[in-house]
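1. This is a predicted model, with the sequence first.
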Amino acid sequence: MSERNTPEASSEWSRRDFLRSAASAGAGWALGQAAFAQPPASGPLSASQPASMPSSAPASAPRKADQVNVGIIGVGEQGRVLIEAAVRIPGVRFKAVCDIWPYSQKLAAGRLKSYGHDVTVYEDYRDMLDKEKGAIDAAIVATPDWMHAEHAMACMQAGLHVYCEKEMSNSLEKAKQMVLAQRATGRKLQIGHQRRSNPRYLHAINKLIHEVKLLGRVTHANAQWNRAVTEELGWAKTYELSQETLNQYGYATMREFRNWRWFKKYGGGPIVDLGSHQIDLFSWVFLNNPKSVTASGGTDYYKNYEWYDNVMAIYEFDAPEGVARAFYQVLTTTAHGLFYEVFMGVDGSIEISEIPSSGNNAFRESRAPEWDKWARMGLLGRTKAPPVSLTSEVIADARPTKPLGAWPLPVQLAKPAHQPHLENFFDSIRYGVPLNCPAEIGYETAVAVLRANDAVEAARRLEFKPEEFKV
Amino acid sequence: MTDFPRFPHQAMATAFEIVIADESADYARQAAEAAFGEIDRLELLLSRYNDASDIARINRLRPGESLRVGLQTFECLRAATKACEETNGAFDITVGPLVDYWKGRKDNGSDEEINALRRRVGIRHLDLREETDEAGGKAFVVGVKQEGVEVDPGGIGKGFALDQAAGVLRDWSICCALLDSGGSTLLALGATPGEEGWPVSAGGVPDHPELARRVLLRDRALSSSGGEFQGRHVIDPRTGRPAEGKAAAWSLAPTAAEADALSTAFLVMSETEIERYRAHHSSAAALLAVRSAAGAIQTRSFGFAFAD
């Protein structure tokens, strides 16, 4: 009866829909995966390899062995998003919540209690690691970026597998230490670029762009995350941290603690907070890390913050079929266009967004081979508005540039956006499936993203050397 | 009242507003922003226009399938189920197919078509269950038992969001606030200083003095629903046909979710049914605007207390 809430179906993204579409094509997902089991013949690519699909747990796996006990460090806004996704995964059991702010502790522990997870609450992560030794298997780290390295490394050194939010760190040196710590401890380290596990993105990039080459040679990408003016974050007055506590944990003031994303000590600014997810896709699509970045930006609107409130960046890539360029913008004073990514090739484009209503279509160029066969195979949905509008009386009609027909992407995600990436992490612990965003990929993306801030500061084009992306 | 700081916010396809009477403007603004943040999170769960929401996922389920949803989605659906049961089916969040059928329709409809659609309508077609695993973890599961069921939480979701937003304001130690979901539902926390309640009125009906009278709202919610003035049919989920006779209805209830659902229900319930409802829910009240045979608007009150 219930198909999607059983342990066997823990990784059940709209699997049935997908199987219907892909398997009926006679190809099936397995073929798609096999096609990517080997690196492409050309290109210096290493860790930016396409990710594997979230796997389904073997039905025969014993129930008890499935349980993963988890502690979460950092339960602010993002930590609570991860909790809401993780509690929907069978066998994931929260045991501990750690945050220095009692308000976040209260919200997270209260919500977890509603989900039947009785957690011990900690203020100091060292205390949590000490007291929960042997009781937890994994940690989720969703603290401000500057603490990721300290928290993730301490957890791995304590024997825990770690899901760490992006950005790995606001310092490349610290991000590098995380990669080294992962290698030294042999623990799993998944970085939270959750689009890497999203079946919609896996279909668009691995299947349509790379495997069936729907877009032909992809020459350009364009992505943005724009959001309206936001107020500075405040805090409920009965939950103000003492100056002593703030000092103890390295925050100058309550205001900086609440608005850490805007300050250089703690975060990387909007291009890191918002852009990182999307810039991460560029190297996935172009099968290489960027070779240069040019960027402009500034603290033009919010005068009380340190980080650039808007950045426009252009990356250049040596893609397998030639040079490709990608434009990225993050604006924090207008919501115009919201957030999406577009990949443009000579035969068509794909516009996609984590929110499907903001992007979920492929657009065919008139020069492209017909796409009906892909729709028949279920790899594309049926075109919404066929662009052909000839009547029987005419051979052609004259009009300014014909609009490209939109072909909806056929894969739907039947769960919260972060859930497949968490499932991939927990399945990696439980069943050894490969991580979709291991430390090395997280590091490569951190280099590409953090260097955009450097390019703004330097006010010139920065070249990347391939070894910059290696640890 | 106009001196109190007011904060607007667009969400759920309407204009929310929060008025805060007992704090400095800066503190009040940040508190309102925190409350709006909660409303935005709820919209991500409840919007049926966002393919990624829990509700959109439920609407894609086929009979026999089920999925896990977030706690708040589940609570909202549970509140909708309770409202449906207590109003004897007059409020039903699955009425959408019938509403679509009557949209713009001038004729009397066909019994055959209506009966076919009625088979898809009824919150009883949803299976809400709380499942506990052996470790004690709870899953909030929604199953669908009938083909073609469409959930539209529009009649309760905004009220539910106001209740949750009020919880955030309480965390911020705010005792005097008025929360407004685009004028359709008002929720009062406390009263304006020195008053018995927040002065509000049952609006939306032009040129009717009775409706301009003040209602003092304190720790409860006032909601309105109107068919005539919004130029649309109000469908009685029980008959599948437009409910006739009432131009608008207002409800008073302890929570915004209840008030929101009740104002819709009161539009289609008979006066006897409303009285019966109030016999079991003494904290609820109703006000109806009824058009007489001569075309004049008359009001009917069921425990609906004006201040003056």
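-> Perfect, thanks for sending it.
2. Output stretch B:123-130 as CSV, nothing but the C-alphas.
-> Taking Å, rounded to 0.1, in the frame of the first residue of the first chain, the C-alpha atoms of stretch B:123-130 are listed here in CSV:
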residue,chain,number,x,y,z
ILE,B,123,-11.1,14.8,2.9
ARG,B,124,-12.0,11.3,3.9
HIS,B,125,-10.1,10.2,0.8
LEU,B,126,-6.9,11.3,2.6
ASP,B,127,-5.4,8.9,5.1
LEU,B,128,-3.5,10.8,7.7
ARG,B,129,-1.5,8.6,10.0
GLU,B,130,1.3,8.9,12.6
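3. Give the buried residues for it.
-> For stretch B:123-130, the neighbour count (16 or more other C-beta atoms under 10 Å in any protein chain shown) marks B:123, B:125-126, B:128 as buried. Where you see a C-beta, it was placed from the backbone N, CA and C, and this is true even at glycine.
4. Determine which two of those residues are furthest apart.
-> Pairwise distances across the buried residues of stretch B:123-130 peak at 11.1 Å for B:H125 and B:L128 (criterion: C-beta to C-beta).
5. Now for A:E123: which residues touch it?
-> By C-beta atoms under 8 Å, 6 or more residues apart in numbering or on different chains, the residues touching A:E123 are A:98-100, A:105.
6. secondary structure class for residue 140?
-> Going with chain A. Three-state assignment for A:I140 (DSSP: H, G, I helix; E, B strand; the rest coil): strand.
7. not quite, I wanted chain B
-> strand.
8. Contact partners for it?
-> Contact partners of B:F140, counting by C-beta under 8 Å, 6+ apart, are B:68-71, B:73-74, B:128, B:130.
9. Low-confidence stretches in the stretch 51-200 of chain A?
-> A:51-65 (pLDDT under 70).
10. Please, where are all the strands along it?
-> Taking DSSP state E, counting those that start in this stretch to define them, one finds strands in the stretch 51-200 of chain A at A:68-73, A:92-98, A:120-122, A:138-141, A:161-164, A:189-191.
11. before we move on, back to that, quickly name whichever of the buried residues of stretch B:123-130 is closest to B:R62.
-> B:H125 (12.0 Å).
12. Contacts only, for the closest residue to the closest one other than its chain neighbours.
-> In this structure, B:H125 finds its nearest non-sequential neighbour in B:Q146, 3.9 Å apart by C-beta to C-beta, 6 or more residues apart in numbering or on different chains. If a contact means C-beta under 8 Å, 6+ apart, then B:Q146 has B:63, B:119-120, B:122, B:125 as its contacts.
13. Could you pick out the buried ones from those residues?
-> B:120, B:122, B:125.
14. Using JSON lines, please lay out those residues together with secondary structure and pLDDT.
-> Converted to JSON lines, the buried ones among the contacts of B:Q146 look like this (DSSP: H, G, I helix; E, B strand; the rest coil; pLDDT from 0 to 100):
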{"residue": "B:R120", "secondary structure": "coil", "pLDDT": "96"}
{"residue": "B:G122", "secondary structure": "coil", "pLDDT": "97"}
{"residue": "B:H125", "secondary structure": "helix", "pLDDT": "97"}
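15. Can you add distance to B:R238 and give those residues back as TSV?
-> Shown next, in TSV, are those (distance: C-beta to C-beta, whole Å):
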residue	distance to B:R238
B:R120	14
B:G122	9
B:H125	15
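16. which parts of the stretch 101-250 of chain B sit against chain A?
-> For the stretch 101-250 of chain B, the residues in contact with chain A (C-beta under 8 Å from any C-beta of the partner chain) are B:131-139, B:141, B:143, B:171-173.
17. any low-confidence regions in the stretch 51-200 of chain B?
-> Applying pLDDT under 70 to the stretch 51-200 of chain B flags no residue at all.
18. which residues of it fall in helices?
-> Using DSSP state H, counting those that start in this stretch, the helices of the stretch 51-200 of chain B run over residues B:54-60, B:71-86, B:96-102, B:111-118, B:154-171.
19. Please enumerate the helices of the stretch 201-350 of chain A.
-> A:243-248, A:254-258, A:270, A:276-286.
20. what residue is smack in the middle of chain B?
-> B:D260 (2.5 Å; C-alpha atoms, centre = their mean).
21. meant to ask about chain A, not that
-> The residue lying closest to the centre of chain A (C-alpha atoms, centre = their mean) is A:H193, at 2.4 Å.
22. tell me the contacts of it?
-> Per C-beta under 8 Å, 6+ apart, neighbours of A:H193: A:166, A:276-277, A:280, A:421, A:437, A:441-442, A:445.
23. could I get the residues you listed as a markdown table with distance to chain B?
-> Output for the contacts of A:H193, formatted as a markdown table (distance: C-beta to the nearest C-beta, whole Å):
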| residue | distance to chain B |
| --- | --- |
| A:K166 | 20 |
| A:S276 | 20 |
| A:H277 | 15 |
| A:D280 | 19 |
| A:H421 | 14 |
| A:C437 | 20 |
| A:I441 | 24 |
| A:G442 | 24 |
| A:T445 | 23 |
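24. Pull out the buried residues from the residues you listed.
-> Among the contacts of A:H193, the ones that count as buried by 16+ other C-beta under 10 Å are A:166, A:276-277, A:280, A:421, A:437, A:441-442, A:445.
25. Please identify which of these is nearest to B:D180.
-> Proximity of the buried ones among the contacts of A:H193 to B:D180 (C-beta to C-beta) peaks at A:H277, which lies at 34.5 Å.
26. Surely the closest one touches A:R195?
-> Yes: taking contacts as C-beta atoms under 8 Å, A:H277 lies within contact range of A:R195: 5.9 Å.
27. so what's in contact with these two at the same time?
-> A:E354.
28. From the contacts of A:H193, pick the one nearest B:V215.
-> A:H277 (47.8 Å).
29. Does A:T219 touch A:F343 like I think?
-> No: look at A:T219 against A:F343 with C-beta under 8 Å: they stay out of range, at 9.5 Å.
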